[in-house]
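Trainee: give me coordinates for this.
(one chain, ligands or ions: 1)
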Amino acid sequence: MHPGRGARATTVAAVLLAALTAGCAAVTPTWTPRTASSTPAPPASPSPTPSTTPTPSPLAMVAARIPYGPERREQMADYSLRRYGERSADLMPHAIVVHFTESPDDPWVTINFFAGNQPNAGTLPGVCTHFLIDKVGTIYDLVATDTRCRHAVGLNHVALGIEVVQSTEGHSSHWADDQILARQPQMDALIALIGQLQQQFSIPTDRVQGHGTADTDPEFKDLTGMRNDHTDIGPDAVAEIRRRLEATP
Ligand SMILES: [Zn+2]
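Mentor: Okay, here's the model as predicted:
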């Protein structure tokens, strides 16, 4: 999510840090996650006609939907009007932005933070992501893919967000990117998830971005003139992720 050079990154990190140091680093949800509506249900009856083309199995995910009720949707719609000139919280994904969390390893620390809907840079809604992948490759489903999340300046109106659990631990964000690229279970899950979303929404590989390359996307737009000041998942990591996507059948 949020390592960067600017004050906004500091603000988000400070909020998360404050939550952690205040003893809120719960290892279990602080709310009751709703069952993901996108979790495929088993077919009601067998298909009457056997298919020769096997349908790929949807990826297993942990249902961890964060509260995203009418109030947060209104906040997202207002944000969209200011930034993109259209008042909507609905999403039809054209792109994917990959981030890393700059957080402890426990995925619920980050999920709880997103669930809290804390103001970012003084405005609501709080930041969030559609999916989160922990270090052992478990995928968490946080927000429906038809709903906008605030995760990358300029692309929230068109892009799904994927957060990968990783901290810079005092190193550069490039170092953190490399830790992710070398962590096989997490990368396998990331490539599989991106591949599934690409297929589901016809998203080309050159529209798979990192937060550090978001400004270069052809649909980047921000009416307030803002640009991303975050460097998580930079150009080298994006190139490697795209290479692995292209190499995956
Ligand atoms: Zn980010």
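Trainee: give me the neighbour count for the closest residue to residue 143 other than its chain neighbours.
Mentor: Spatial nearest neighbour of residue 143, excluding adjacent residues (Cβ to Cβ, 6 or more residues apart in numbering): residue 130 at 4.8 Å. C-beta: built from backbone N, CA, C; applies to glycine. Per other Cβ atoms under 10 Å, the neighbour tally for residue 130 reads 26.
Trainee: what sits up against whatever helix or strand residue 80 lives in?
Mentor: Per DSSP states H and E, residue 80 falls inside helix 70-84. Applying Cβ atoms under 8 Å, 6 or more residues apart in numbering, the contact partners of helix 70-84 are 86-89, 117, 123-125, 147-150, 153-154, 156-157, 221-224, 226.
Trainee: what packs against the helix or strand just after that helix?
Mentor: Using DSSP H and E, the next helix or strand after helix 70-84 towards the C-terminus is strand 95-100. Judged by 3 or more Cβ pairs under 8 Å, 6 or more residues apart in numbering; DSSP states H and E, the packing partners of strand 95-100 are strand 159-164, helix 173-181, helix 184-201, strand 208-210, helix 235-247.
Trainee: list the contacts of the third one.
Mentor: Contacts of helix 184-201 with the rest of the structure, by Cβ under 8 Å, 6+ apart, involve 56, 58-59, 92-94, 96, 98, 131, 133-139, 145, 160, 162, 164-165, 180-181, 203-205, 208, 241, 244-245, 248.
Trainee: one more time with 7 Å
Mentor: 58-59, 93, 96, 131, 133, 135-137, 139, 160, 162, 164, 180-181, 203, 208, 244-245, 248 (Cβ atoms under 7 Å, 6 or more residues apart in numbering).
Trainee: after the helix or strand of the chain with the lowest mean pLDDT comes which helix or strand?
Mentor: Within the chain, no helix or strand scores below helix 7-19, which has a mean of 38 by mean pLDDT, DSSP states H and E. Counting by DSSP H and E, the next helix or strand C-terminal to helix 7-19 is strand 62-63.
Trainee: direction included, what does that following strand pair up with?
Mentor: Counting by DSSP bridges, the strands paired with strand 62-63 are strand 139-141 (parallel).
Trainee: list the buried residues in stretch 166-179.
Mentor: Residues 166, 168, 173, 176, 177, 178, 179 are the ones in stretch 166-179 that count as buried (16 or more other Cβ atoms under 10 Å).
Trainee: quick check: the second one touching residue 102?
Mentor: Yes - checked against Cβ atoms under 7 Å, the pair residue 168 and residue 102 is within contact range at 6.2 Å.
Trainee: within range of the ion, give me the residues from the protein.
Mentor: 1, 99, 211, 230, 232 (Cβ under 5 Å from the ion).
Trainee: now those as CSV including neighbour count and pLDDT?
Mentor: Converted to CSV, these look like this (neighbours: other Cβ atoms under 10 Å; pLDDT from 0 to 100):
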residue, neighbour count, pLDDT
1, 27, 59
99, 26, 98
211, 29, 98
230, 26, 93
232, 30, 97
